[in-house]
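[1] attaching a predicted model along with its sequence, questions to come.
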Amino acid sequence: MTVPNGNCVQPVVFMKVCLLGRLSYLPFHVVGRVLCQLEPCGGVEVDQAVKAAKLAFGYWSKMSGMERARVMIEAAHIIEVSHESSNILDCISEMEVVNNGKSITEARLDVDSARVCIEYYAGLASTLAGQHVQLPGGSFAYTRREPLGVCVGIGAWNYPFQIVAWKSAPALACGNSMVFKPSPVTPVTAVMLAEIYAKAGVPEGLFNVVQGGQETGSLLCQHPDVAKVSFTGSVPTGRKIMEMASKGVKPVTLELGGKSPLLIFKDSDLENAVRGALMANFLSQGQVCSNGTRVFVQKDILPEFVKEVVKRTQAIEIGDPLLESTRMGALVSRPHLDKVLSFVDRAKKEGATVLCGGESYVPSDPKLRGGYYMTPCILGNCTDDMTCVKEEIFGPVMSVLPFETEDEVLQRANDTSLGLAAGVFTRDVRRAHRVVEHLKAGSCFINNYNITPVEVPFGGFKMSGIGRENGQVTIEFYSQLKTVFVEMGDVDSLF
């Protein structure tokens, strides 16, 4: 299958793309095979996409919030509704597995999360409003919340379909247009959302997809007609994007890396703490920026916790992610798999103990033997100065560290330049809120982990990013405030 370049209203029939994913291919991460060939977009294609988005913005931004909401609700409805011949959500989910390598169970949750996101911001589209301020003498002022213009979204490969929804839905709800560049590692499902938007009735060119790597992203960030850039990815790339956007004084939203702490106190419900630690480390093969990979466990319960978490980890079903029974699929690429395994090797050299996993995995099915699998890993005897504890691994590797006191673990948990997420397990409600108050992270969890409802803002402190995604506050990041002063009397001039 070849995915063409250029803007997003592609000459590929939506259902045909789905059927190719479902019937003709196993995930290429699973079998080590090429999924599709892509032409990277250069300056000409990027300029065409931005110009198309600018033209569509002129029409879309003048529509009422209710009119925009109807189109967006239709897009969500297309994803949700089953037809006689197909289930669209399942089709997209299966292609997401092909696109990324994660399990079909997770992919369905991701796609439904994207649907809910579009529906949520459709609901907010008609609520955008300003403020009236009464001034002396009958004069007054008011504010208007207006769209920015052409917004650029640059996605990551770990949640391809969910991220494109998280970026496009608030942008479109506010009256903007968007040019979206998916990761070149997972290019397919963003095109499918573009086709859904087109089918729902968005103006041609309103949501464009351009394919490519770093050069294409640079062209987008520096284009003079782009008003804003929203990026999800690594800290080094986020720095570069912020620098490029600064030349045009363009606002940015950056959702970057994490090395998040998970604090488990001795009074925790151990069953829930173990479940939370597994959810904090092994979703999407551990390829989640918010993962709580530094698991601090109070010494009193450390042996019991380790025994149970190792037992549960060893029971994780690894294999073909299109099977319902699979809980861990393949990592996203061979180089990434090698990188994650190298972190495990280095951890051993630095004194950590591999309690389970951390090895390449070859499934028994001969069709899957070229895939990018590894066994989920628990590292014990970890210390704060180890590479596995300091650096983001972005794979299924959990580092377990003992602690004794609340003050001690807070100091250690915050000893990082990153601050995307953090979690605490305890039955003491006062401790829970006290600890969360002192954790330097943008998204914190009490007695759970990696829960991201669309109604709640998500984003980081420190080098984990700027701005937020999801929640009502995101409207502020996709709009600008205009103040209007109205004089009802004569001008009081000093001249």
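    Received it, and whenever you're ready, just let me know what you need.

[2] and this structure, what are its domains?
    The record's domain parsing of the chain by automatic domain parsing lists 2-256, 261-446.

[3] out of these, which is closest to E455?
    Closest approach to E455 among the domains of the chain is made by domain 2-256 (6.6 Å; CB to CB). C-beta here means a position set from N, CA and C on the backbone, and glycine is covered the same way.

[4] before we move on, back to that, which of the domains of the chain comes out lowest on mean pLDDT?
    Ranked on mean pLDDT, the bottom entry among the domains of the chain is domain 2-256, at a mean of 88.

[5] grab the nearest non-local neighbour of G130.
    T143 (3.7 Å; CB to CB, 6 or more residues apart in numbering).

[6] a markdown table please, covering the domains of the chain and showing distance to G471 and mean neighbour count.
    Output for the domains of the chain, formatted as a markdown table (distance: least, CB to CB, whole Å; neighbours: other CB atoms under 10 Å):
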| stretch | distance to G471 | mean neighbour count |
| --- | --- | --- |
| domain 2-256 | 9 | 20 |
| domain 261-446 | 11 | 19 |
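
[7] out of those, the one nearest D490 is which?
    Of all the domains of the chain, it is domain 2-256 that lies closest to D490, at 9.3 Å by CB to CB.

[8] check contacts around the residue most central in space within the chain.
    Geometric centre of the chain, nearest residue: I163, 4.7 Å, by CA atoms, centre = their mean. Counting by CB atoms under 8 Å, 6 or more residues apart in numbering, I163 touches 153, 155-156, 232.

[9] hang on, the earlier thing: nearest to Q480, out of the domains of the chain?
    So among the domains of the chain, domain 2-256 is nearest, using CB to CB, at 5.6 Å.

[10] nearest to Y478, of the domains of the chain?
    With CB to CB as the criterion, Y478 lies closest to domain 2-256 of the domains of the chain, at 4.3 Å.

[11] quick one: the residue nearest to G130 is in a strand?
    Yes - with DSSP: H, G, I helix; E, B strand; the rest coil as the criterion, T143 is part of a strand.

[12] distance of it relative to Q314?
    58 Å (CB to CB, to the nearest Å).

[13] and L206, by the same measure?
    Taking CB to CB, one finds L206 at 49 Å from Q314.

[14] likewise for K390?
    26 Å.

[15] so which residues of the stretch 1-150 of the chain form helices?
    Counting by DSSP state H, counting those that start in this stretch, the stretch 1-150 of the chain has helices at residues 14-19, 28-31, 43-60, 65-80, 88-100, 104-125.

[16] tell me the SS of the residue nearest to the centre of the chain?
    Using three-state DSSP, the structure places I163 in helix.

[17] residue contacts, the residue lying closest to it once chain neighbours are set aside?
    Once flanking residues are discounted, I163 sits nearest to G155: 4.4 Å by CB to CB, 6+ apart. Residues near G155 by CB under 8 Å, 6+ apart: 163-164, 167, 180-183, 186, 190, 232.

[18] the helices of the stretch 1-150 of the chain: which one's closest to M244?
    helix 43-60 (13.4 Å).

[19] now do the closest one: distance to the chain's middle.
    Helix 43-60 sits 25 Å away from the centroid of its parent chain (CA atoms, centre = their mean, to the nearest Å).

[20] elements contacting that helix?
    strand 150-154, strand 177-181, strand 207-209, helix 214-222 (3 or more CB pairs under 8 Å, 6 or more residues apart in numbering; DSSP states H and E).

[21] taking helix 214-222 as reference, get the angle to that helix.
    40 degrees (axes from the mean of the first three to the mean of the last three CA atoms, to 10 degrees).

[22] contacting residues around helix 43-60?
    By CB under 8 Å, 6+ apart, helix 43-60 touches 5-8, 41, 68, 147, 149-150, 172, 175-179, 202-208, 210, 216, 219-220, 223, 225-226.

[23] can we see that at 7 Å?
    Helix 43-60 has contacts (CB atoms under 7 Å, 6 or more residues apart in numbering) with 5-7, 68, 149-150, 175-179, 203-206, 208, 210, 216, 219-220, 223, 225-226.

[24] looking at the contacts of G155, which is nearest V98?
    Out of these, the member with the shortest distance to V98 (by CB to CB) is T186, at 9.6 Å.

[25] quick one, helices of the stretch 251-400 of the chain?
    Using DSSP H, counting those that start in this stretch, helices in the stretch 251-400 of the chain cover 270-282, 302-314, 334-349, 387-390.

[26] could you dump these to TSV with distance to Q48?
    What follows is the helices of the stretch 251-400 of the chain, written out as TSV (distance: least, CB to CB, whole Å):
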stretch	distance to Q48
helix 270-282	42
helix 302-314	49
helix 334-349	32
helix 387-390	44
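
[27] nearest to M398, of those?
    Taking CB to CB, helix 270-282 is the member of those nearest to M398, at 4.3 Å.

[28] from the chain's centre, how far out does that closest one sit?
    The mean C-alpha position of helix 270-282 is separated from the chain mean by 21 Å, CA atoms, centre = their mean.

[29] also compute the angle for it relative to helix 302-314, please.
    Using the same axes, to 10 degrees: helix 270-282 against helix 302-314 is 50 degrees.

[30] quick one: N158 from T237, how far?
    For N158 relative to T237 (CB to CB), the value is 14 Å.

[31] picking that back up, out of the helices of the stretch 251-400 of the chain, the one nearest E404 is which?
    That would be helix 302-314 among the helices of the stretch 251-400 of the chain, by CB to CB, at 10.5 Å.

[32] what sits up against the closest one?
    So helix 302-314 is contacted by 264, 270, 273-274, 277-278, 297, 355-357, 376, 378, 380, 400, 402 (CB under 7 Å, 6+ apart).

[33] please report phi then psi for the closest residue to F265 other than its chain neighbours.
    Spatial nearest neighbour of F265, chain neighbours left out: T426 (4.2 Å); criterion: CB to CB, 6+ apart. T426 adopts backbone torsions of phi -170, psi 150, taken as degrees, to the nearest 10.

[34] T426 against A432, yeah?
    Yes - using CB atoms under 7 Å, T426 is in contact with A432, at 5.2 Å.

[35] for stretch 169-180, the distance to its chain's centre please.
    Stretch 169-180 sits 17 Å away from the centroid of its parent chain (CA atoms, centre = their mean).

[36] ends of that stretch, how far apart?
    12 Å (CA to CA, to the nearest Å).

[37] rewinding a little: between the contacts of helix 302-314, which is closest to N87?
    Here the nearest of the contacts of helix 302-314 to N87, counting by CB to CB, is L278; it sits at 29.0 Å.

[38] who are the neighbours in contact with that closest one?
    Contacts of L278 by CB under 7 Å, 6+ apart are 309, 312.

[39] could you redo the last one with a cut-off of 10 Å?
    308-309, 312-313, 316, 327, 376, 398, 449-450 (CB atoms under 10 Å, 6 or more residues apart in numbering).

[40] distance from the chain centre to stretch 372-391, please.
    23 Å.

[41] same question for stretch 242-253.
    20 Å.

[42] that stretch spans what distance, first to last residue?
    End to end - CA to CA - stretch 242-253 spans 9 Å.

[43] what does stretch 281-294 give?
    9 Å.

[44] all set now, cheers.
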